[in-house]
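1. Sequence and computational prediction follow.
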Amino acid sequence: MKISNETKIGLVAVVAIALMIFGFNYLKGKNLFEKNDKIYAIFPRVTGLTTSNPVLINGLQVGMVYKMEERTRNINDGIVVTINLARDIDIPANSVAFISTELLGSASITIEPGNSTTFMKNGDTLITNIKAGLIDQISANINPALKTLDGTLQSLDSLIQVAGGYFDPATKNNFHKIVANLTAASASLNTLVAAQNSALNRTLHNLDVVTGNLAKNNDKINNTLTNLEKMSGNLSNLKLQETVDQLNKTMTNLNAVVAKANSKDGSLGLLLNDKKLYNNLENTSRSLNILLDDLRVHPKRYISISVFGKKDKSTPLQAPLADSSAQTN
């Protein structure tokens, strides 16, 4: 039965849609051919976390983020993160999960295993904790230092003003000038610190934008790594080492044949290297030419056709005729 072109196009479209659905669900951490357990974690915020981000235990990926949704209509009640486990692994019930964000990488959920002998089951909820990211730690360390420096400068200014009241008018006048200079220097230093604080905040903001862009392109990065892994697998399946071994074996056999050809022990070596054999062949060829020329010039010496004919008693040829080689060719 002949299948029409419309039917073929329809079958191809169905297969393409099925593959697209399978790939989309796979990137989301859901395998259509396996039934994976799901556990949950509730976080107050999920900055940098997206679906298909990895879930790690001791650095080993055990699952992926499948879905994120608000716990209730009030967003302050927390965000529920659904984790699709890709491995059959026992997770202690008192394990703690937190979101880990690197400076130049996407976010991931890290599970610190507990010591409980009771393990989590399908549908259980993890204990969660909030850990500050690298950018938050930098900001937390710099801001207190800036506040302390500003308070120190203000205290120094107050101390200088109090001490100035105990000097004579001339010294006091000079001291006021010094205080004025120190005050101006303090203002300049405050301006400089404020400017640097603004620049640092912009730098941190730019880093946050970069990490956000990396998180948005996490799916593309995962696809690229998957393609690289498939390409390396295809290269390993080409059996390059066996091909190289076969080529080396062939080259060894060819070298052996060439060595035998160059040697005078074999027939081919004698034929290529023995000058006597060449001279004998040359003499044989010359004698054959003389015989053929003599047969052509004196045929009656070898074949008697007439009964009354006279036998040819002339002297046989001792050298080939000048044009014998041309005639024979």
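-> Structure's in. What do you need?
2. what's in contact with stretch 52-69?
-> The contact list for stretch 52-69 (CB atoms under 8 Å, 6 or more residues apart in numbering) reads 27-30, 36, 38, 46, 49-51, 79-87, 89, 91, 100, 106-111, 113, 215, 218-219, 222. Heads up, the C-betas are built off the backbone N, CA and C, glycines and all.
3. In helices only, show me these.
-> Those of the contacts of stretch 52-69 mapping onto helices are 27, 215, 218-219, 222, per DSSP state H.
4. picking that back up, in PyMOL, how would I select the buried members of the contacts of stretch 52-69?
-> One line in PyMOL is enough to select the buried ones among the contacts of stretch 52-69; burial here means 16 or more other CB atoms under 10 Å:
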select buried, resi 27+29+30+36+38+46+49+51+79+80+81+82+83+84+85+86+91+100+106+107+108+109+110+111+215+218+222
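5. what about Asp61, which SS state?
-> Quick fix: residue 61 is Gln, not Asp. Per DSSP: H, G, I helix; E, B strand; the rest coil, the secondary structure class of Gln61 is strand.
6. how near is it to Val46?
-> The spacing between Gln61 and Val46, counted by CB to CB, to the nearest Å, is 18 Å.
7. again, but for Ile89
-> In this view, Ile89 and Val46 are 23 Å apart by CB to CB.
8. again, but for Ser108
-> Ser108 is 12 Å from Val46, by CB to CB.
9. Also Asn129?
-> Distance check for Asn129 against Val46: by CB to CB, it reads 14 Å.
10. Name the surrounding residues that touch stretch 100-112.
-> With CB under 8 Å, 6+ apart as the test, stretch 100-112 has contacts from 41, 46-50, 53-57, 62, 65, 81, 83, 91, 95-99, 126, 131, 133-135, 207, 210-211, 214-215, 218, 221.
11. Those in strands, which ones?
-> Within these, residues falling in strands by DSSP state E are 41, 54-57, 62, 65, 81, 83, 96-99.
12. How about the backbone phi and psi for Asn122?
-> phi -60, psi 120 (degrees, to the nearest 10).
13. distance of it from Pro54?
-> Distance from Asn122 to Pro54, counting by CB to CB: 20 Å.
14. do Val244 as well
-> 38 Å.
15. The ones in helices among the contacts of stretch 52-69: which two are farthest apart?
-> Using CB to CB, the two most remote members of the ones in helices among the contacts of stretch 52-69 are Leu27 and Ala215, lying 14.4 Å apart.
16. Count the residues that sit near Leu225.
-> Using other CB atoms under 10 Å, Leu225 is surrounded by 10 other residues.
17. same deal with the one 3 residues further on?
-> In terms of burial, Leu228 registers 10 neighbours under the definition other CB under 10 Å.
18. Repeat that for Gln246.
-> Neighbour number of Gln246 under other CB under 10 Å is 11.
19. Now Asn94, what are its backbone angles?
-> Note on Asn94: backbone dihedrals following degrees, to the nearest 10 are phi -100, psi 20.
20. what residues are up against it?
-> 114-116, 127.
21. and those residues as CSV, adding pLDDT and neighbour count?
-> Converted to CSV, the contacts of Asn94 look like this (pLDDT from 0 to 100; neighbours: other CB atoms under 10 Å):
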residue, pLDDT, neighbour count
Gly114, 92, 14
Asn115, 93, 7
Ser116, 92, 12
Ile127, 93, 15
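22. Inside strands: which ones of those?
-> Filtering the contacts of Asn94 for strands - DSSP E - leaves Ile127.
23. Closest one to Glu229 out of the contacts of Asn94, please.
-> Of all the contacts of Asn94, Glu229 sits closest to Gly114, with 32.9 Å by CB to CB.
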